[in-house]
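> The following block contains a protein sequence and its predicted model.
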Amino acid sequence: MKISEAVRVYLKNKPYTLEALEKGIVNFSALARTIQKDTGIDNYHAIKAALRRYVEEIRGKGLGIEKHAQSILKGSTITIQSGVSVVITYKDIDLERSSKIKLNDYFVYLAYDRQELERIRKYSSIKVHEDASAIIIHSEDRLESSPGFVAFVASLLAEQNINIIEFISCYTETLLVVSKGDALKGHELLMGITYK
């Protein structure tokens, strides 16, 4: 593979680096050294030249992943639901007020009250995250066809050291289960974007 192609492939797997390049806020020398280290390509100058050529191609084409994700978040309603528990078990349980997702050989349940949690607990569980909170983002239906929104939200929380216990994105809803202690911080962070 040519060096220029290898650089393109590398950048296509780094959407935020690519967007920073488009905005002109990346040090080419530092990025070339990082690419060199990550890919094992010896020719630093060829990497840097490939970066410059690629930036000229993409500049002005409006990748705008961050900007687009922010616009979706600005049009969203964000709420917190406390007292949510996540239970992972091998048992398929019929429940009325809990959400259930089947993944491979196990089920993930979101129990929204203590009674449902106790019903699920009767069965052997692989993992239980009790008394967490859900940050629920209700967006316009354009969310479904908007690449990068989930990555944008997850990276915002990760940058503030907020761990996402479970993450569900379906149609216009994005649900992030976090620890009770992180819920308010996460909510404020996301709400801060909506007011920019």
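Arrived safely.

> What sits closest to residue 119 if chain neighbours are left out?
The shortest distance from residue 119 to any non-neighbouring residue, by C-beta to C-beta, 6 or more residues apart in numbering, is to residue 95 (6.5 Å). For the C-beta atoms, the positions are set from N, CA and C on the backbone; glycine is no exception.

> so where does the one you found fall, helix or strand?
Residue 95 belongs to no helix or strand when assigned by DSSP states H and E.

> now do residue 109
Assigned by DSSP H and E, residue 109 falls within strand 106-111.

> what comes up buried for that strand?
By 16 or more other C-beta atoms under 10 Å, the buried positions in strand 106-111 come out as 107-111.

> And the next helix or strand past that strand?
helix 114-121.

> In three-state terms, label residue 133 for me.
Of the three states, residue 133 takes strand according to DSSP: H, G, I helix; E, B strand; the rest coil.

> And for it, the neighbour number?
Per other C-beta atoms under 10 Å, the neighbour tally for residue 133 reads 22.

> who's in contact with the helix or strand of the chain with the lowest mean pLDDT?
In the chain, no helix or strand scores lower on mean pLDDT, DSSP states H and E than helix 15-23, which sits at a mean of 79. Applying C-beta atoms under 8 Å, 6 or more residues apart in numbering, the external contacts of helix 15-23 come out as 11-12, 26, 31, 51, 54-55, 58-59, 61, 63-66, 148, 151, 155.

> again, 10 Å this time
By C-beta atoms under 10 Å, 6 or more residues apart in numbering, the surrounding residues in contact with helix 15-23 are 8, 10-12, 14, 25-26, 28, 31, 34-35, 51-52, 54-55, 58-67, 147-148, 151-152, 155.

> try stretch 101-115
81-93, 95, 97-100, 116-121, 123, 125-132, 134, 166, 168, 170, 175, 177.

> And stretch 119-131, by the same measure?
Stretch 119-131 is contacted from outside by 82-98, 100, 106-111, 114, 117, 165-166, 177-180, using C-beta under 10 Å, 6+ apart.

> Show me which of these are buried.
84-89, 98, 107-111, 117, 165-166, 177-179.

> ok, the residue nearest to residue 119 to residue 130 distance?
Using C-beta to C-beta, to the nearest Å, residue 95 is found at 16 Å from residue 130.

> Same check on residue 107?
Distance, residue 107 to residue 130, using C-beta to C-beta: 17 Å.

> just residue 168 next, same as before
Distance, residue 168 to residue 130, by C-beta to C-beta: 18 Å.

> now do residue 151
With C-beta to C-beta as the criterion, residue 151 and residue 130 are 28 Å apart.

> domain parsing for the protein?
Structural domains annotated on the chain: 3-61, 71-194, as defined by automatic domain parsing.
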